[in-house]
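Enquirer: The sequence isn't on hand, but the structure is:
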């Protein structure tokens, strides 16, 4: 299966599972710049499930749009578990959605450090009434490869959160 076929299969599975459970979903994206929302909305009829997507690339946008505390960002950095969780919860609060996924990471080629290397991504999925899920991943490859892998990981995490 190609990467494109896998992405399409995952997106279809997310939409189908949301439909079967009567759930609406939202995305909150930083390093992927809207690619998760695009993967979902590439599928005709996704509007019955997909509510909205937030692209909050800048730290100020994470705070203004999703309600992520600037103090949280200052303490942990934008690419961190607490910020990914706060983004997912903020997307739920700002949307008419029951489940959300959020990603924040370093897609490269620059910007990495020893503690936070290029390819590091924090993913979180939130569902109303449940504790957000989190995954820390380090993907190999160039910027495009990291972003593509992040989309697939985010869709997979959504499937877990939906149940």
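Expert: Sure, I can see it. Given the structure is predicted, the values throughout are model-derived calculations rather than measurements.
Enquirer: In space, not sequence, find me the middle residue of the protein.
Expert: In the chain, the centroid-proximal residue (C-alpha atoms, centre = their mean) is residue 102; its distance is 2.8 Å.
Enquirer: any chance you could read off phi and psi for it?
Expert: phi -130, psi 150 (degrees, to the nearest 10).
Enquirer: what does the one 4 residues further on give?
Expert: Main-chain dihedrals, residue 106, degrees, to the nearest 10: phi -120, psi 100.
Enquirer: Run a quick check on it versus residue 115, I expect a contact.
Expert: No. Using C-beta atoms under 8 Å as the test, residue 106 is too far from residue 115 to be in contact (10.8 Å). C-betas here are computed from N, CA, C, even on glycine.
Enquirer: More neighbours: those two, which one.
Expert: residue 106 (25 against 8; other C-beta atoms under 10 Å).
Enquirer: For stretch 52-68, give the mean pLDDT please.
Expert: Mean pLDDT, stretch 52-68: 98.
Enquirer: where exactly do the helices run in the chain?
Expert: With DSSP state H as the criterion, the chain has helices at 3-21, 35-41, 59-66, 70-76, 81-94, 143-162.
Enquirer: Report all helices and strands that the second one contacts.
Expert: The criterion is 3 or more C-beta pairs under 8 Å, 6 or more residues apart in numbering; DSSP states H and E, and the helices and strands that helix 35-41 contacts are helix 3-21, strand 25-29, strand 50-55, helix 143-162.
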